[in-house]
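S.K.: Fold the following, please.
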Amino acid sequence: MTSVACTRTIEANVSNMPGVVSASVDLTTQKGRFRFDPDRTGPRQIVQKIRGLGFHATPFTDHRMDASYLSQKEEVKKWRNSFLFSLVFGVPSMVLMMYYMAQRMILKKHNLCCIFPGLSAENFFLFLLATPVQFIGGRYFYVQAWKALKHKVTNMDVLIMLATNVSYFYSVIIVASFIFIGADHSPKTFFETPPMLLLFISLGRWLEHIAKGKTSEALAKLISLQATEATLVQVDAQLNITCEERLDVQLVQRGDILKVVPGEKIPVDGRVCFGASMVDEALITGESLPVPKKIGSQVIGGSINTNGALLIVATHVGKDTTLAQIVRLVEEAQTSKAPIQQLADKLAGFFVPTIVLISLVTLFVWVAIGYHDVNIITRFFAKQDYHTSDDELICQFAFRCALTVLSIACPCSLGLATPTAVMVGTGVGATNGILIKGGEPLELLHKVRCIVFDKTGTLTKGTPMVTRISLFVERNVCSLSRLLAFVGTAEANSEHPIGVAITTFVKNVLGKDTLGKCEDFGAVAGCGLRCRVSGVNQVLPTLVDAEHLVATKGQLPKDSSGDVIIDRLPCLTSDTTQLLPQYKPVQSSDGSGDQAKRSDSIVLIGNREWMNRNGIGVCDAVNLVMVEHEERGQTAVLCAIDGVLVAMVSVADQVRPEARLTVRALKDMGLEVILLTGDNRKTAAAVAKEIGIDTVYAEVLPSHKVAKIQQLQTQGQRVAMVGDGVNDSPALAQADIGIAIANGTDVAVEAADVVLVRSDLLDVVGAITLSKATVHRIRCNFFFATVYNLVGIPLAAGVLMPVGIVLKPWMGSAAMAMSSISVVCSSLLLKTFRKPTQRTLESRLQAQVFHRRGPISVHCGLDDRQPGNPALKSSFLGSTFSVLFSSLTNKGDKFKQEPLLRRDSELHELSPLTA
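M.R.: Coordinates of the predicted model:
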C-alpha cells in the first residue's frame with residue numbers, strides 16, 4: 001500500500017463481502033483488522049479478495065505464540081553475547097590483577113613501575129580493560145536500570161549499575177587526582193571490579209534465561225504441535241476427492257474438508273467424515289495410547305494421525321481449537337501471580353533502597369572503625385603496598401565492603417522463587433492433561449479440605465447405558481437375538497434417553513444398524529410405548545448370535561455400553577394359553593402356530609403401569625427383580641411381545657470406573673468427600689454406596705448448589721467443586737476451587753479454575769498432588785533466597801573479618817548470579833513430577849482396608865437434618881429379595897446367570913443393599 005486510496009479500496013471492497021462486519025486498514029503499520037461471521041466467511045476469502053485487488057496479504061502471526069519466543073532464544077542470545085564480550089576483557093583483568101598482586105608481594109618495599117607520576121601500569125591497563133565492559137558490556141543493564149528509575153522503581157539492574165559505576169568512577173577520580181598532584185605512586189583502585197562483576201552477572205543472566213526457557217518448555221512444546229499447513233480437498237457426493245490444495249492452516253475455515261495422511265498432524269479440530277485410523281493425542285490430553293477414530297469421531301488439532309488416511313470436517317479453527325485454548329489458558333496461568341508472591345513483591349519494593357542504605361552504613365561504619373583503631377583493619381587486611389597510607393587503606397577496605405554488599409544482594413532470587421515454580425507447575429500440569437488457570441488456584445488447591453462432586457457427567461458417564469437384561473422365558477419362546485431385534489426396532493423411533501441407550505446397545509451387539517420395520521408407533525410420557533414390528537424374522541439369520549456371546553462370555557464390540565449382565569429367570573409359563581386373544585399368533589401356511597414364523601408382532605415397552613394398562617400382569621417375582629434394580633438407582637423397563645412378558649431391561653448412567661479409586665485416594669489424603677446432585681435420593685444413595693461417599697445432598701436445584709457451597713464455606717472449610725461445567729457453573733464459580741471435567745474439545749470452561757482435559761477423575765488427585773509439590777518447591781525457593789541474603793549480606797559487610805573471611809566485590813557478584821540460577825534450577829525439579837496413576841494409587845491403597853465410617857447420610861435439598869435413609873430402609877426388602885432369589889437359584893437349571901462381562905461388584909453380591 002502506498003497511499004490512503006489503497007486503504008480505502010481494501011476497506012470498501014472487503015466490507016461489501018457477505019459476513020464481514022467491519023474492515024479497518026492502517027497505512028503506516030501495513031496491517032488490517034477485519035471482523036466477520038465465521039459461519040458465512042473466513043480469513044481465506046478475505047485474503048483472496050485483497051490479493052484480487054492487487055495487494056499482498058497474509059494472516060497476522062503473533063510472535064508471542066512462537067515456540068522460539070517462549071524458549072527465550074532472543075534473550076539467551078543477547079546475554080550470551082554480553083557474557084562473551086565481558087569474558088574477552090574480564091579474564092585479562094583477572095590475570096593482570098593476580099599478576100600485580102604477586103608482584104607487590106615480591107617487591108614489598110619497592111614501588112611498581114609508573115608510566116608517569118600517579119599512574120601505574122596496573123591501573124592503566126585495568127582502565128583500558130574496564131572501560132569497554134562498563135559501557136558496552138553493561139549497556140543492557142543501563143537500559144533496564146534507566147527504565148526502572150524512569151518509572152520510579154528500583155530493581156536488580158539499579159544495584160548492578162550502582163556497584164559498577166561507583167567502583168569505576170571512584171577509581172577514575174582517585175587516579176586522576178593522583179595524576180593531578182603528581183604523586184610518586186599510584187593508588188589502589190577497583191578497576192577490576194566492573195569487568196569481573198559484569199562477567200559473572202552476564203553469565204548468570206545467560207544461564208538464568210536458558211533455565212527460564214525450560215520453564216516454558218511445556219508451553220513451547222504445545223505450540224510446536226500446531227500444524228503450519230493443511231490439505232484442503234473438494235469432494236463429490238460419494239466423498240471422492242476431486243481436487244486438493246495445500247494452504248496455510250490459518251486460512252482453514254469452519255466446514256472445510258481436510259485430508260490427513262498417515263504420520264501427519266491433524267491441522268484443526270474436526271469430525272471424521274471418511275476413513276478410520278489411530279490418533280496419538282499424548283502431548284495434548286496425556287493419553288499414552290493411540291485413540292481409535294472412525295466416521296463421526298472428534299479429532300483434536302495437533303494430534304498425530306498414525307496409520308489410516310482421514311477426511312475431516314473442520315469444526316473449530318484458529319483460536320477456537322482445543323490446542324489454542326490450552327495454549328491460551330497455560331500462557332495466562334504462567335503470567336499470573338500466586339498470593340504467596342505478593343509478599344515477595346512487597347519485599348522487592350523495599351529491597352534495593354534497604355541494600356543501598358546497608359551499603360552506606362557499612363561504608364561509614366568501617367571508616368569510623370578505621371579512624372578509631374586502624375589496627376583492627378590492618379590486622380586482617382594487610383597493606384599490599386608500603387606507599388599506602390592508613391587513610392587510603394581505611395577507604396579501600398570500607399569501599400570494598402560497601403561494593404561487595406551491593407554486588408552480593410539479590411532480590412532476583414526472591415522474585416524468581418514463585419513465578420518460575422508456577423511456570424513449571426502449570427506447564428507440567430498441561431502436559432498431563434490438567435489445565436490450572438494461574439498461580440492462585442495452583443497455590444490454593446493444596447489447602448482444600450472438602451471436595452464436592454456433582455453426579456451426572458462427573459462421577460457418572462453422563463449417558464444412560466444398558467446394564468442388565470433379565471429374560472423371563474425360555475430360549476425356544478424368545479431368543480436373546482430375537483428380543484434385541486424387536487426391542488431395538490421399537491426403540492429406534494423413540495427420542496427418550498432410555499430408548500436411545502437401548503437402541504445403541506442393540507446396534508453394537510447385533511452389528512446391524514437397520515433391523516425390522518416399525519409401524520403404528522405410539523408413546524405415552526411416563527409410561528411406555530406400543531408398536532407393531534415386522535421384518536425381524538428375515539434379518540435374524542444375518543445378525544450376530546447374541547446367545548453365542550453369552551455362552552462364550554465374549555466381550556461386546558467397541559464403543560458398546562460396557563459391562564452388561566445377562567440372566568434368565570423363567571418365572572412365567574410360555575404356553576400360548578397365556579396370550580391375550582387380540583395377540584394370538586397368526587397361523588403359518590403349514591397350519592402351525594410357531595411364533596418364530598410370525599410376520600409381525602405387537603411390542604410393548606414400559607413400566608408396570610403400562611403393562612397393567614395393556615392387560616399384562618406383573619407377577620411378584622418380576623416385581624421383586626424390578627425393585628432390586630430400582631434400589632440401585634437404575635431404571636427398569638419391561639418388554640412384552642404379543643402379550644407375553646419376555647424380559648426386563650435395566651438402564652443406568654454408569655459410574656466412571658475410576659470414581660471409587662478417586663474417592664478412596666481423596667479420603668486417604670484426609671479430605672471430606674460430598675456428593676451434591678439434583679437427582680433423586682435413591683439414585684444418589686446407590687451411586688454414593690458404590691463409590692464410597694458418606695455424605696449425600698440429593699434433589700438439589702442448580703441454584704441451591706451455590707447456597708450449599710456457601711454453607712460449607714461458612715463452616716470454615718476450603719471447598720473444591722468438581723463438575724462438568726454445564727449446569728453447575730455457578731457452583732464452580734462459588735467454590736474456592738472449581739474443577740471442571742472437559743466436555744470433548746471444549747476446555748475453556750470459564751467458571752472453572754482447573755480443567756481436566758482427559759475427563760479422568762484420577763486427575764483430581766493429580767491436581768492436588770501437583771499443587772502440593774509446587775507449593776513445597778516455592779517454599780524451598782523462598783527459604784534458600786532468604787537464607788542467602790540473610791547470610792550473604794552480613795558476610796559481604798565484613799562481619800566475619802575477625803575470623804579471616806572477607807569477600808571481594810567480584811566474589812559477591814558470582815554468588816549473586818549463582819543464587820538466581822539455583823532458584824530457577826530448583827523450580828525445574830518440578831519437571832520430574834509424575835502424577836498418580838491408577839496403578840500407583842492401587843498399589844498404595846491395596847494394603848489399606850477401606851472401611852466406611854458409618855451409614856450413608858442422605859439429605860434432601862439443603863436440609864442438613866438426618867432423614868431416614870432410603871437405602872437403609874430398603875435393607876429388609878433387599879434381604880427378602882435375596883432369600884426369594886436364592887430359592888429360585890436352587891431349582892436346578894431353571895435359573896441361569898450368564899454375564900457378558902461381569903463387574904467386580906457383581907461377583908460377590910446380587911444386591912448392593914445387603915453388602
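S.K.: what's in contact with stretch 344-357?
M.R.: Applying C-beta atoms under 8 Å, 6 or more residues apart in numbering, the external contacts of stretch 344-357 come out as 153-156, 158-159, 162, 337, 405-406, 409, 411, 414-415, 417-418, 782, 793. To be clear about C-beta, it is placed using only N, CA and C from the backbone, and glycine gets the same treatment.
S.K.: Inside helices: which ones of the residues you listed?
M.R.: Those of these mapping onto helices are 156, 158-159, 162, 405-406, 411, 414-415, 417-418, 782, 793, per DSSP state H.
S.K.: Closest to D620 out of these?
M.R.: T418 (67.7 Å; C-beta to C-beta).
S.K.: Can you get me a residue count around that closest one?
M.R.: Neighbours of T418 under the rule other C-beta atoms under 10 Å: 29.
S.K.: mind checking which helix or strand the closest residue to L829 other than its chain neighbours is in?
M.R.: Leaving out its chain neighbours, the residue that sits closest to L829 by C-beta to C-beta, 6 or more residues apart in numbering is R777, at 6.7 Å. Assigned by DSSP states H and E, R777 belongs to helix 762-796.
S.K.: ok, then the element right after that helix?
M.R.: Counting by DSSP H and E, the next helix or strand C-terminal to helix 762-796 is helix 809-828.
S.K.: what angle separates that next one from helix 762-796?
M.R.: 170 degrees (axes from the mean of the first three to the mean of the last three C-alpha atoms, to 10 degrees).
S.K.: Give me the distance from helix 809-828 to the chain's centre.
M.R.: Using C-alpha atoms, centre = their mean, to the nearest Å, the mean C-alpha position of helix 809-828 is found 31 Å from that of the whole chain.
S.K.: Buried residues in that helix, which are they?
M.R.: Neighbour-count burial for helix 809-828, with 16 or more other C-beta atoms under 10 Å as criterion, is recorded at 809-824, 826-828.
S.K.: Now which of the contacts of stretch 344-357 would you call buried?
M.R.: If you count burial by 16+ other C-beta under 10 Å, the buried members of the contacts of stretch 344-357 come out as 154-156, 158-159, 162, 337, 405-406, 409, 411, 414-415, 417-418, 782, 793.
S.K.: Which parts of the chain belong to which domain?
M.R.: 4-60, 226-325, 460-585+595-655 (automatic domain parsing).
S.K.: CA atoms only: put stretch 697-704 into CSV for me.
M.R.: The C-alpha coordinates for stretch 697-704 follow below in CSV (Å, rounded to 0.1, in the frame of the first residue of the first chain):
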residue,chain,number,x,y,z
TYR,A,697,-27.2,-34.0,49.2
ALA,A,698,-29.8,-35.1,46.7
GLU,A,699,-32.7,-33.3,44.8
VAL,A,700,-30.7,-30.0,45.0
LEU,A,701,-31.7,-27.4,42.4
PRO,A,702,-28.8,-25.9,40.4
SER,A,703,-29.4,-22.5,42.1
HIS,A,704,-29.3,-24.2,45.5
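S.K.: Return the set of buried residues in it.
M.R.: For stretch 697-704, by 16+ other C-beta under 10 Å, it's 697-700, 704.
S.K.: farthest pair in the residues you listed?
M.R.: Longest distance between any two of these is 11.4 Å, between A698 and H704; criterion C-beta to C-beta.
S.K.: Run the chain-centre distance for the helix or strand S171 falls within.
M.R.: Element membership for S171, per DSSP H and E: helix 156-181. Helix 156-181 sits 52 Å away from the centroid of its parent chain (C-alpha atoms, centre = their mean).
S.K.: How about stretch 474-490?
M.R.: On C-alpha atoms, centre = their mean, the centre of stretch 474-490 falls 46 Å from the chain's centre.
S.K.: Hmm, L149 is touching V158, no?
M.R.: Yes. Between L149 and V158 there is a contact under C-beta atoms under 8 Å: 6.6 Å.
S.K.: still on that earlier bit, would you mind getting the angle between the helix holding S171 and helix 809-828?
M.R.: Going by the same axes, to 10 degrees, helix 156-181 makes 170 degrees with helix 809-828.
S.K.: and helix 156-181, what's its mean pLDDT?
M.R.: For helix 156-181, mean pLDDT is 87.
S.K.: Alright, calling it a day.
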